[in-house]
Structure formats: C-alpha cells, structure tokens
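> Sequence and computational prediction follow.
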Amino acid sequence: MVRKSPKVSEVLPLLYLHGLSSGDFVPALEQFLGSTAGLSSATVTRLTKQWQADHAAFQDRDLSASDYVYVWADGVYPKVRLGQAHSCVLVLMGVRVDGTKELIAIAEGLRESAESWADLLRDCRRRGMTDPELVVGDGAMGLWKALAEVFPAARHQRCWVHKARNVSNALPKSAQPGATKAMQEIYNAEDRTHAEKAIEQFARTYEAKWPKAVKKITDDAEELLAFYDFPAQHWVRLRTTNPIESTFSTVKIRTKVTRGAGSPAAALAMVFKLVESAQERWRAITAPHLVALVRNGARFENGHLVERPENTSAA
C-alpha cells in the first residue's frame, strides 16, 4: 500500500484532469515529486476508484446538522470532458453558522438549466439542508428558477464579477474602462442609497448610446444590492462568487497535455479531490460571530445591526 502524501493527492488529480492516461502518471509524477517509489499504474487505478467512492459518499452525506447561512453557487468548466456535451461542474459552497466555509455539493450538470440546478438543490434538501439566508451567483444560470422552487426563503445576490463582465461585453472597448469604474462606484458605495444614486449616474452616462448595457444593471438592481442587508464585514465576500472561482483557478491550470481524461465519473471525482484539498486552506469568513446573528433573524441595514433577534437580546 502506497502512503499517499499530500503532494501526491494534489498532483495526481491535476495530471488526470489534464489528460494523462494512468500509464503516463508515473513519469509525470517523477517530474513533480522527484520520486515515485512504489507508485505503479495499478496503484493509480486503485486511487481513482477510491476517489470516485469518496465523491459518491460525499454526495450522499447527511446535511441536517450543517446549517449553511450563505451559499455561493457556480457552474465551472474545467479543461476535461464530462458526460454530456456542454456540461460543467455545478458547485455549491457554503458558510456555516460558525463562519467556516465548506463545500456543500459538486455534481455534473448544465449551467443554464434550471432542472440541473433543481436536481442538485432537491438532493441537498432531501439530505437535510435548509434554506440559506443568501445565495450568491451569476444571473445567467438556471439556478435562480430552481432556487425559488427548492429554497424559496433564500435571498438572491447577483455576482458583480460576472455582471461587470457581461456589461463590458455590451459596450465598445473605448467605453469599457469608464464603465468599469462607474460599476465600482456602485458596489463599493458606503450604503444602498449611494449605490442607487451611482446606478442612476451610470444610466445617465451610458443609456443614450448603449441602453442594453444599462438594462443589465437596472433590471437586476435589487439582486445586485441585496448584500447591503447583511453585515458590512461580510460584503466583500457576498458580492461575488470569488470563493468558488479562486478555488477552481487551480483546476483550470494550463498544460500542453491534450489526451482524453478517462471516464466522466473519474474526472468529476478528480475535481472533487482537488476542491477537498483546497478546502483545508479555506479561512473562516471575517467577523464569524455575526453569521449566527444573521441566521437567528437579526436585521441589518446598510451593513449595521439595527435589530437583534429576541433570543439573543440579552447577549
């Protein structure tokens, strides 16, 4: 039995995802680790099977004791062939009531499909997950329709990184730097009132020439500014899906390897193992004590606590 060092457990999935067949692992690992003592192709095959079993167990675990207050959702396209054409990896990451971040679920699906997201969310509910307070994601996804069905109590926050990208794509290059700065004035505003004024200014500046770009902001204004009803210490994390994107930057690392990456189940298991490794380095959200207040019904206006829940009034 090979003793799996953290290095092997992190490098092996990367190599797999970038298209190496199991027979190519041993020389490739030698370049990374300097040694492959005892690591044969047969061992690699056993590891991949074990990781598929680990992923299956993870996707079936009980969630009833995991109280996710904030949830980030995204559909990520790793450089690997999955089961269906155009399919991606659907990811849910959450903040528990103690402020720690945790991977909730990772499955194959179609990013724009409400049914794909509904299947994933229904499965989470079946396993005991309750409505989060806020879900953060890209407006283009089928997530939102599914969320309204499965977790109707959750508030919606559109990801500003995705929104800024979509708005910029609707503008000529010459207008993009100014528009980017104008959007920063919106989501960096000190409170909702100033953010709404910044949206009005954005519309005045760009509506005459580029109404479609402006409509992308004004139509989603409520969902873009939802974060103002939560603690100011959490805003920077609640405005975007960056916690997912930064985790997957490792998975998307560029290589020159082009061969197929094996079965879709194995590929998905490898993505899971990479995220599992990354999770060990995730830090709790800033001001974690405020997460419990949010869950218990405390009211925040422009980031400030204005009303404590009754059961914590004496604290």
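Done, it's in.
> Excluding chain neighbours, what is closest to N302?
Leaving aside its sequence neighbours, N302 sits nearest to D191 (C-beta to C-beta, 6 or more residues apart in numbering; 3.9 Å). Bear in mind the C-beta positions are built from the backbone N, C-alpha and C, glycine included.
> residues contacting that neighbour?
D191 makes contacts with 228, 302-303, as judged by C-beta atoms under 8 Å, 6 or more residues apart in numbering.
> Compare those and tell me which has the most neighbours.
Neighbour count (other C-beta atoms under 10 Å) singles out Y228 as the most crowded of the contacts of D191, with 23 neighbours.
> For E280, see how far away the residue lying closest to it once chain neighbours are set aside is.
Nearest residue to Y228, sequence neighbours excluded (C-beta to C-beta, 6+ apart): R192, at 4.2 Å. Counting by C-beta to C-beta, to the nearest Å, the separation of R192 from E280 is 37 Å.
> do G128 as well
Distance of G128 to E280, given as C-beta to C-beta: 24 Å.
> And for L92?
Look at L92 and E280: by C-beta to C-beta, they are 18 Å apart.
> So which of those two has more stuff around it?
More crowded of L92 and E280, by other C-beta under 10 Å: L92, with 25 against 7.
> Not counting its neighbours along the chain, what's nearest that one?
Nearest non-adjacent residue to L92, counting by C-beta to C-beta, 6+ apart: I104, 4.0 Å away.
> what sits against the one you found?
Residues near I104 by C-beta under 8 Å, 6+ apart: 63, 66, 68, 71, 92-94, 124, 129.
> Give me the subset of the residues you listed that lies in helices.
C124 (DSSP state H).
> how about the contacts of I104 in a markdown table, adding pLDDT?
Formatted as a markdown table, the contacts of I104 follow (pLDDT from 0 to 100):
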| residue | pLDDT |
| --- | --- |
| L63 | 98 |
| S66 | 94 |
| Y68 | 99 |
| V71 | 99 |
| L92 | 98 |
| M93 | 98 |
| G94 | 98 |
| C124 | 98 |
| M129 | 98 |
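> contact partners of the host helix or strand of S168?
Assigned by DSSP states H and E, S168 falls within helix 160-169. Residues from elsewhere that reach helix 160-169 (C-beta under 8 Å, 6+ apart): 138-140, 176, 179-180, 183, 187, 213, 216-217, 220, 224, 239-242, 245.
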